[in-house]
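1. how would this look folded up:
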Amino acid sequence: MRTLLASAATAALACALAVVPAAVGAATASATARPSTAAPAPGSVVPDQDSFYTAPADIASYQPGQVVGSRPVPDVAVAGVSVPLDAWQISYRTNDSGNQPELAVTTLVVPQTAWAGGGPRPAVSLQSPEDSLGTECAPSYLIATGGDAEEIGLSAELLLSNWAVAFPDFEGPKSVFMAGPQAAHAVLDGIRAVRNFDTDGIGAANPWALDGYSGGAEATGWAAQLQPSYAPDVPLVGAAIGGTPADPTAVAQYMDGGAFSGFEFAAAYGIATEFPQAGIKSLLNSRGQQDFATIGGECELTILGQFPFRELSQDTTVADPLGVPSVAAVLARDTLGATAPATPVYDYHADTDEIVPVGQDNTLVGNWCHAGGTVQEVRDLVGEHSEEAVARETSVQLFLDARFAGVPATSTC
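-> The predicted structure follows:
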C-alpha cells in the first residue's frame, strides 16, 4: 500500500526543514560497529549486492539488538530537496519467526535542530508499508537512494515535532511480507540497536513509541503485542496503528478476486517463505509455480499490476487453500490478538476501507480489550484506505505527543 499513501506532508516537511540551520555533521559511528568502509556507500548498489546487508558467519554469537555495522547516510532528500537531517544505517542481529538469528537493518533519522524539550529527545520506530518481496524495496535502500520519499513523507509530522525516527527493514533479509513474529522481532531489536548505537543524543535514555499504517501497522501491532515477552527491556510509551491487517485469513478472503488481490498473492509468497511448515508451495499447480517464480523479488506496484482480479484458488490444486489444516494453523499463529500489549494503543480505521476490512480489526481491538489492554479505538464512517492514513496523521502525532508528555491514555475498552 506504499504507493497509495503519498501525502502533501512530504513537501511541507521539505520546505519546513530546509530553512533550519544545519548543525555540525553526522556523529561518529559506534566503535563496536563493523567499520563503514567494509561496505559500499548507502544506496550505491542494491542490498543483495551490498556486503553491509550480509550477516557475519558468527551472527548467532551476537545478542538480539547488538549492532553489527553502521554507516552514515550522507544526504537525505525529501521531494528532491536535501534537508538537514542526520541519518545512519545500522545493521543488527535479530531473529526470524522461528527464533533463528538473522541480520536486519534500520535507518535512524535525527533532525539537526537541537532538542529544546524537557528530558531526552523522543524517538519513534515507524514501520512503513513495504508490502513487497525484494530487498531493493526496503526502506533503508529507498531512503538512501532518494528513490521513494514515502518513508520520510509518512514521518513528516513526527520529524516536524523534532523527534528522532527509526525506519526498520522489518521484512528482514528474506523480504517476507505479513510474517508477524519476524516483523515484531526486527522492530524491537531495531530499537535495541539504536539504543546500543547511542549517537547524536539518541541512546538508552530516550522514550520510544511505535507507529505504522497498513502493512506497517501489522508489524507495529505485532511489536507492541510481543514487547512484554520478547523485549521487556525496551520500554514503550504508546503505539499507533491504522488500517491494520490483523487477520491474514480474513484479509485474504476480502481481497480475493478484487482489484488489490496482488497483496494476497504477495502475502502467500511471504508466508510460504517464512513458514514452510504451512506447505503452501506443495499446493501450487503449474500456474501457481510460475506465479511464485515471477512474484519473488518484486516491489508493491509491480505486484499489484501483475495480479489484479485474481483468485488464490486459481494457483492451487485445492479449491480452498486457506482451509488446508497446515495453512490454517500457520495463519492462526500469524493472527494478532492472542495477548494484549502493555503499552497504550491508538487504533484507527475507516469503516469503508476497500483494501483491509474493518471487521477483523474490530475483532483485534475486542481481543486486546478483553485481555486487559488499553486501546483507543477510532472509526471513521467514510474513507478510503489511502485517505485514512492522511486524515489521521495529525491525530496520531497528538496521541504520541501526549504519551511522551506522560498524559494517561484514553481507553474505549
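2. Where does the prediction get shaky in the chain?
-> The model of the chain has pLDDT under 70 over residues 1-38, 77-83, 147-153.
3. could you list every residue that touches Cys210?
-> For residue 210 the amino acid is Leu, not Cys. 124-125, 127, 187, 220, 223-224, 236, 238-241, 343 (Cβ atoms under 8 Å, 6 or more residues apart in numbering). Bear in mind the C-beta positions are built from the backbone N, C-alpha and C, glycine included.
4. Next, it: secondary structure please.
-> strand (DSSP: H, G, I helix; E, B strand; the rest coil).
5. how near is the closest residue to it other than its chain neighbours to Leu103?
-> In this structure, Leu210 finds its nearest non-sequential neighbour in Ala239, 3.9 Å apart by Cβ to Cβ, 6 or more residues apart in numbering. Ala239 sits 25 Å away from Leu103, going by Cβ to Cβ, to the nearest Å.
6. Show me the contact partners of the helix or strand harbouring the residue nearest to Leu210.
-> Secondary structure assigned from DSSP states H and E places Ala239 in strand 236-242. Strand 236-242 has contacts (Cβ under 8 Å, 6+ apart) with 207-214, 217, 220-221, 223-224, 227, 341-349, 388-389, 392, 396, 399-400, 403-404, 409.
7. I'd guessed Arg403 sits against Ala409; true?
-> Yes: counting by Cβ atoms under 8 Å, Arg403 does reach Ala409; the two are 6.5 Å apart.
8. So between Ala239 and Leu103, which is more surrounded?
-> Ranked by neighbour count (other Cβ atoms under 10 Å), Ala239 and Leu103 place Ala239 first, with 30 against 21.
9. Kindly state the beta-bridge partners for the more buried one.
-> For Ala239, the beta-bridge partners are Leu210, Val345 (DSSP bridges).
10. Repeat that for Pro168.
-> Going by DSSP bridges, Pro168 forms beta bridges with Thr106.
11. so what's it up against?
-> Contacts of Pro168 by Cβ under 8 Å, 6+ apart are 104-107, 125, 127, 139, 186-187, 190.
12. Arg403 and Ala409 - which one has more neighbours?
-> Arg403 (22 against 16).
13. Give the helix, strand or coil label for that one.
-> Per three-state DSSP, the local secondary structure of Arg403 is helix.
14. excluding its backbone neighbours, what's nearest it?
-> Counting by Cβ to Cβ, 6+ apart, the residue nearest Arg403 is Gly238, at 3.6 Å.
15. measure that neighbour to Leu400 for me?
-> In this view, Gly238 and Leu400 are 6 Å apart by Cβ to Cβ.
16. shared neighbours of the two, which are they?
-> The contact lists of Gly238 and Leu400 share Ala209, where a contact means Cβ under 8 Å, 6+ apart.
17. how about the helix or strand following the strand holding Ala239: buried residues?
-> Downstream of strand 236-242, the next assigned helix or strand under DSSP H and E is helix 248-255. The neighbour-count check on helix 248-255 (16 or more other Cβ atoms under 10 Å) flags 248-252, 254-255 as buried.
18. what about helix 248-255, distance to the chain center?
-> 20 Å (Cα atoms, centre = their mean, to the nearest Å).
19. same for it, what does it pack against?
-> Here helix 248-255 touches helix 261-274, helix 325-333, helix 358-370, going by 3 or more Cβ pairs under 8 Å, 6 or more residues apart in numbering; DSSP states H and E.
20. Break down the chain into its helices, ranges please.
-> Under the criterion DSSP state H, the chain contains helices at 9-18, 139-145, 150-154, 156-160, 180-197, 215-230, 248-255, 261-274, 286-295, 300-306, 325-333, 358-370, 385-391, 393-404.
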